[in-house]
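Dropping the sequence and predicted coords here.
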Amino acid sequence: MTEIVCRRVLVAGCGAIGSVFGGLLRYSGHEVTLLGRPWHLDAIASHGLRIDGIWGEHHVSGFHLAEQPSELHSPFDLVLLCVKAYDTESMVASIADRVAPAGDVLSLQNGLGNLEALARAFGPARSLGASVLVGARIPRPGCVTVTVQAAPVVFGPLDARATGAMGRARGLADTFRRARIDCRATDSIVSYLWAKVLYNAPLNAVGALLNLHYGALGEDSALRAIMDRVIDEAFAVALAENVPLDWSSAAAYRDYFYGSLLPATFVHRSSMLQDLERGRQTEIDAINGEVWRRGNRLGIATPFNELLTLLISARTRAGARAAQP
């Protein structure tokens, strides 16, 4: 049997996805530290973590728990970065000296730019990105439910040519599979990250603004027309950045989007909608906002992504004002 490499794991941002991945790694025998908010960690400390939904039912205990980076002690062999994209830079700065010299850092986040931030701090071989088309929610503290999955988890290094990069990625894939996480390593993760943006950009913001699940968006012809334009713009920007994509055209991607991805996540409500409902900041800047900004740099018009970015930002500000006493 192959020796398990990653023994000391830090989940930096123990929300829904962090709870699922950290919980399954702990269930398979790893030493896992959860860095998160007290309302969730207190319940885990008292009763363990319960995982249910489409990935099976598990009750896991024996975690190390921390509410602040200053409480972390062990040098970690693997860090799962699960914070919102707008917190990437600050979290990386907080945990940089807690990562073992040969440790890896894996972004399980939405949007573009997270992997580049990791590479600046840890180098291209130790920095990995992931495409996680998995939905999860925390129905109550200490519990997490995996609700939907549109595709296997795929991850890999920013620069697959860096010495040892793909060996690290393959070893990590083996570790995840032993933890019952369906995944594979790739030498072209940037392509997958863009593919996830092609999925998130048309769904998250429109669903959040209208309070609709993904399936309802696809059933409305007017909303489909909006999503088509969002996809067209993002596809054009990706091509201009010379990102290899699996589809020959935006139209070919839309066939896959409506024919395969949307049915697999039909009842899902976006995390962006949940953020708005809770009065929290959203990740719009890392998704539609990144398409808009990159398009501007390349001279590509992206009016639909620009509009969605501005509308979600305005909605967030309005919610913040309404919450003030």
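Received, thanks. Residues are numbered from 1 along each chain as shown.

Remind me which helix or strand Ile95 belongs to.
Following DSSP states H and E, one finds Ile95 within helix 88-95.

Can you verify Gly135 is assigned to a helix?
No: going by DSSP: H, G, I helix; E, B strand; the rest coil, the assignment for Gly135 is strand, not a helix.

and the gap between it and Gly113?
Distance of Gly135 to Gly113, computed by Cβ to Cβ, to the nearest Å: 22 Å. C-beta here means a position set from N, CA and C on the backbone, and glycine is covered the same way.

Between these two, which has more neighbouring residues?
Of the pair Gly135 and Gly113, Gly135 is the one with more neighbours under other Cβ atoms under 10 Å, namely 23 against 18.

Was I right to think the more buried one contacts Ala264?
No: the criterion here is Cβ atoms under 8 Å, and Gly135 misses it with Ala264 at 10.0 Å.

Give the residues shared as contacts by these two.
When contacts are counted by Cβ atoms under 8 Å, 6 or more residues apart in numbering, Gly135 and Ala264 have 148-149 as shared neighbours.

which residues touch Gln149?
Contacts of Gln149 (Cβ under 8 Å, 6+ apart): 54-55, 133-135, 264.

Specify which member of those is nearest to Leu311.
Sorting these by distance to Leu311 puts Gly135 at the head of the list, at 22.9 Å, by Cβ to Cβ.

what sits up against the helix holding Ile95?
10, 12-13, 69, 72, 79, 81, 83, 105, 107, 109, 113-114, 117-118, 121.

Could you do stretch 120-132 as well?
17, 92-93, 96, 99, 102-108, 114-115, 118-119, 151, 153-159, 162-165, 168-169, 172, 189-190, 192-193, 195-196.

re the thing from before, any chance of the contacts of Gln149 in JSON lines, with pLDDT and distance to Thr316 too?
JSON lines is the format used below for those (pLDDT from 0 to 100; distance: Cβ to Cβ, whole Å):
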{"residue": "Ile54", "pLDDT": "95", "distance to Thr316": "30"}
{"residue": "Trp55", "pLDDT": "96", "distance to Thr316": "31"}
{"residue": "Leu133", "pLDDT": "89", "distance to Thr316": "24"}
{"residue": "Val134", "pLDDT": "91", "distance to Thr316": "25"}
{"residue": "Gly135", "pLDDT": "89", "distance to Thr316": "21"}
{"residue": "Ala264", "pLDDT": "89", "distance to Thr316": "28"}
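
Buried only: go through the residues you listed for me.
Among these, those that count as buried by neighbour count (16 or more other Cβ atoms under 10 Å) are 55, 133-135.

farthest-separated two in those residues?
Trp55 and Leu133 (13.4 Å).

thinking again about what came up before, turn the buried ones among the contacts of helix 88-95 into a named PyMOL selection, would you?
Buried residues within these, by 16+ other Cβ under 10 Å, are selected in PyMOL with:
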select buried, resi 10+12+13+69+72+79+81+83+105+107+109+113+114+117+118+121
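
from the contacts of helix 88-95, which ones fall inside strands?
Among those, the subset assigned to strands under DSSP state E consists of 10, 12, 79, 81, 105, 107.

Next, format the residues you listed as JSON lines and append pLDDT.
Putting the ones in strands among the contacts of helix 88-95 into JSON lines (pLDDT from 0 to 100) gives the following:
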{"residue": "Leu10", "pLDDT": "98"}
{"residue": "Ala12", "pLDDT": "97"}
{"residue": "Val79", "pLDDT": "97"}
{"residue": "Leu81", "pLDDT": "98"}
{"residue": "Val105", "pLDDT": "96"}
{"residue": "Ser107", "pLDDT": "97"}
